[in-house]
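S.K.: need a 3D model of the sequence below.
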Amino acid sequence: MRSLSLFIGLIFALLATGLRAQDAASAVPAADPATQAVAAVASGAAEPARAPDLVEHLVDLSLEAFGIRNDGASNTWQHFVIAAFILVASYVFRRGFTKLVFGGLKRLSARTETTLDDELFDALEKPVGGFIALFGAVMAVKVLKLSEQADEARVYLQTVAAAVVTLWFFISAFNTILDHIHAEAKRKDLSVAAFMPWIKKTLIAIILIFGVLMVAQRLGADVKAFLAGLGIGGLAFALAAQDTLANVFGSVVVAVDQPFRTGDFVQIGAFQGTVEDIGLRSTKLRTPARTLIAIPNKTVAGEAINNFSRMPQRRVDQTIGLTYSSKSSQVEALLGEIRALLKNDTEVHQEFIAVNFLNYGAFSLDVQIIYFTASPDLLKCFATRERLNLAIMRLVEAHGLSFAYPTQTIELSGDIAQRMVGLKK
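M.R.: I've put the predicted structure just below:
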């Protein structure tokens, strides 16, 4: 994307300009011990060795060129006028820069097929404007001659403000990119869409933590010692909260493997239900009895998961029993008509149909019927089975056959049987 490349190039040009200005300021010979002390605080150096500020030095030279002199330690009204002028100029420049540059970039991005560049330029316009405003404010303050304590406070505030604007820039960019990915995943009905909100929160939290540590190190804090202590404390915390961490890692496994998504009907171990929520700690199922079960994610990651919502069809496997008084011709004709019934039904998947006389049961001739319903929907499957079962019952009745049920036949012989026959007569 040409517009995005142009924008990134402009950002790097601004950063390079700031670095060159800082190098030029460092090249001026050192003279003021207070300024050297402030530089030592800002840079974290062991020995203070910073030259007078470039902006302040240029202002003094300009005033001397016009014949305006002061004692070198106090501000004249000209200093305040110049500071105010820089503030107003930076405000005007910010408005013009954002309107001109971002307006042009938005016109270029409107010609592209993707909407990511449009969303990215909208999100980054304000952080870039904030950077320009901060730069103008810093230049305006540098015009004034400050005391050692005030200059030290200015360095601290400048460092914190620059870090805030930088974090604002990167968080806005990450927010926009992740929101775009989330929207695309939802549009394409991808499983990762359910996990995008907490992925977004995790990444932004990492950026914030990294930014705070960088600012703390820039301000002179011993970040290495803090991280070392944090490592020992983190080990103790991990031992105390190992179940919670196991659930968090389990949620990561679920996010990567994606065995189900919100709305799927699944069986996890001994539990069945519709997935209502996938969190960092647990996955919540709404059971057929309408109760809500929260299953820890470490259990979800370790159990076999049966996702009923992803089956393409539903299998029907049933056996009907005919009485032993049935004739072979009747059974053969019945089997042919049941096969024709299933093959001509639009709600039956035609890839696999099996209708066979398989067994001589204890009290019946067993006919096994296997087929798949075309729709995986449970209610449609029940309706199809009911309709076909009634049709099979009518075929059995039409051929003069009967369904078998558990019966026993007792045969008696010998004297007892003859006496019973005699009594009957």
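S.K.: which intervals of the stretch 151-300 of the chain have sub-threshold pLDDT?
M.R.: Residue ranges of the stretch 151-300 of the chain with pLDDT under 70: 189-195, 223, 226-243, 245.
S.K.: all helices of it, in order?
M.R.: For the stretch 151-300 of the chain, applying DSSP state H, counting those that start in this stretch gives helices covering 196-218, 223-240, 242-257, 297-302.
S.K.: which is the next helix or strand following the last one?
M.R.: Past helix 297-302, heading to the C-terminal end, the next element that is a helix or strand (DSSP states H and E) is strand 305-307.
S.K.: and that next one, what's buried?
M.R.: residue 305 (16 or more other CB atoms under 10 Å). From N, CA and C alone the C-beta is placed, and that goes for glycine too.
S.K.: start at 826 instead
M.R.: Noted, 826 is the first residue going forward, which turns the last one into strand 1130-1132.
S.K.: not counting that strand itself, show me its contacts.
M.R.: 1084-1085, 1089-1093 (CB atoms under 8 Å, 6 or more residues apart in numbering).
S.K.: again, 7 Å this time
M.R.: Here strand 1130-1132 makes contact (CB atoms under 7 Å, 6 or more residues apart in numbering) with 1084-1085, 1089, 1091-1093.
S.K.: could you single out the nearest of these to residue 1138?
M.R.: Of all the contacts of strand 1130-1132, residue 1089 has the smallest distance to residue 1138: 16.6 Å, by CB to CB.
S.K.: can you tell me the SS state at residue 1195?
M.R.: Of the three states, residue 1195 takes strand according to DSSP: H, G, I helix; E, B strand; the rest coil.
S.K.: name the nearest residue to it, ignoring sequence neighbours.
M.R.: Nearest residue to residue 1195 in three dimensions, chain neighbours excluded: residue 1179, at 4.3 Å (CB to CB, 6 or more residues apart in numbering).
S.K.: report how many residues lie close to the one you found.
M.R.: By other CB atoms under 10 Å, 12 other residues sit near residue 1179.
S.K.: cool, and residue 1170?
M.R.: Residue 1170 has 18 nearby residues by other CB under 10 Å.
S.K.: which element is it on?
M.R.: Using DSSP H and E, no helix or strand contains residue 1170.
S.K.: and it, how far from residue 1197?
M.R.: 11 Å (CB to CB, to the nearest Å).
S.K.: cool, residue 1096 as well?
M.R.: 26 Å.
S.K.: let me see the contact set for the residue lying closest to residue 915 once chain neighbours are set aside.
M.R.: Excluding its sequence neighbours, the residue lying closest to residue 915 (CB to CB, 6+ apart) is residue 961, at 2.2 Å. Applying CB under 7 Å, 6+ apart to residue 961 gives the contacts 911-912, 914-916.
S.K.: filter the residues you listed down to the ones in helices?
M.R.: Among the contacts of residue 961, DSSP state H puts 911-912, 914-916 in helices.
S.K.: from those, which one has the minimum pLDDT?
M.R.: Lowest pLDDT within the ones in helices among the contacts of residue 961 is found at residue 911 (79).
S.K.: didn't it look like it was pressed against residue 966?
M.R.: No. The pair residue 911 / residue 966 is not scored as a contact, 9.2 Å apart, by CB atoms under 7 Å.
S.K.: helices or strands up against the helix or strand containing residue 905?
M.R.: According to DSSP H and E, residue 905 maps onto helix 902-922. Contact partners of helix 902-922 among helices and strands, from 3 or more CB pairs under 7 Å, 6 or more residues apart in numbering; DSSP states H and E: helix 879-890, helix 941-968.
S.K.: tell me the domain ranges of this protein?
M.R.: Residue ranges for each domain of the chain read 827-1051, 1080-1134, 1137-1223, as given by automatic domain parsing.
S.K.: what about residue 1207, neighbour count?
M.R.: Residue 1207 has 12 nearby residues by other CB under 10 Å.
S.K.: which element is it on?
M.R.: Going by DSSP H and E, residue 1207 is in helix 1203-1223.
S.K.: which parts of stretch 1102-1112 are buried?
M.R.: So stretch 1102-1112, judged by 16+ other CB under 10 Å, has buried residues 1103, 1107-1110.
S.K.: now do stretch 1091-1103
M.R.: 1091, 1093, 1097-1100, 1103.
S.K.: so can I have CSV of those showing distance to residue 1141?
M.R.: Shown next, in CSV, are those (distance: CB to CB, whole Å):
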residue, distance to residue 1141
1091, 21
1093, 25
1097, 20
1098, 23
1099, 23
1100, 26
1103, 32
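S.K.: from the residues you listed, which is closest to residue 1144?
M.R.: residue 1097 (25.3 Å).
S.K.: ok, the closest one - contacts?
M.R.: Neighbours of residue 1097 in contact, by CB under 7 Å, 6+ apart: 1112-1113.
S.K.: could you measure it against residue 1204, distance?
M.R.: For residue 1097, the distance to residue 1204 - CB to CB - is 16 Å.
S.K.: how about residue 1028?
M.R.: Relative to residue 1204, residue 1028 is positioned 41 Å away (CB to CB).
S.K.: so between the two, which is more surrounded?
M.R.: residue 1028 (15 against 8).
S.K.: and the gap between the more buried one and residue 922?
M.R.: Taking CB to CB, one finds residue 1028 at 29 Å from residue 922.
S.K.: thought residue 934 was touching residue 942?
M.R.: Yes. Counting by CB under 7 Å, residue 942 is a contact partner of residue 934 at 3.9 Å.
S.K.: picking that back up, and the helix holding residue 1207, how far out from the chain's middle?
M.R.: 45 Å (CA atoms, centre = their mean, to the nearest Å).
S.K.: what do you get for stretch 1094-1103?
M.R.: Relative to its parent chain, stretch 1094-1103 has a centroid offset of 20 Å by CA atoms, centre = their mean.
S.K.: for that stretch, C-alpha coordinates in PDB please.
M.R.: The C-alpha coordinates for stretch 1094-1103 follow below in PDB (Å, rounded to 0.1, in the frame of the first residue of the first chain):
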ATOM      1  CA  GLY A1094     -15.900 -35.500  29.300                       C
ATOM      2  CA  ALA A1095     -19.100 -36.400  30.900                       C
ATOM      3  CA  PHE A1096     -20.800 -33.000  30.300                       C
ATOM      4  CA  GLN A1097     -22.900 -32.000  27.300                       C
ATOM      5  CA  GLY A1098     -24.200 -28.600  26.400                       C
ATOM      6  CA  THR A1099     -24.100 -25.500  24.200                       C
ATOM      7  CA  VAL A1100     -21.000 -23.400  24.500                       C
ATOM      8  CA  GLU A1101     -22.100 -20.000  25.900                       C
ATOM      9  CA  ASP A1102     -18.700 -18.400  26.800                       C
ATOM     10  CA  ILE A1103     -15.000 -19.200  26.400                       C
END
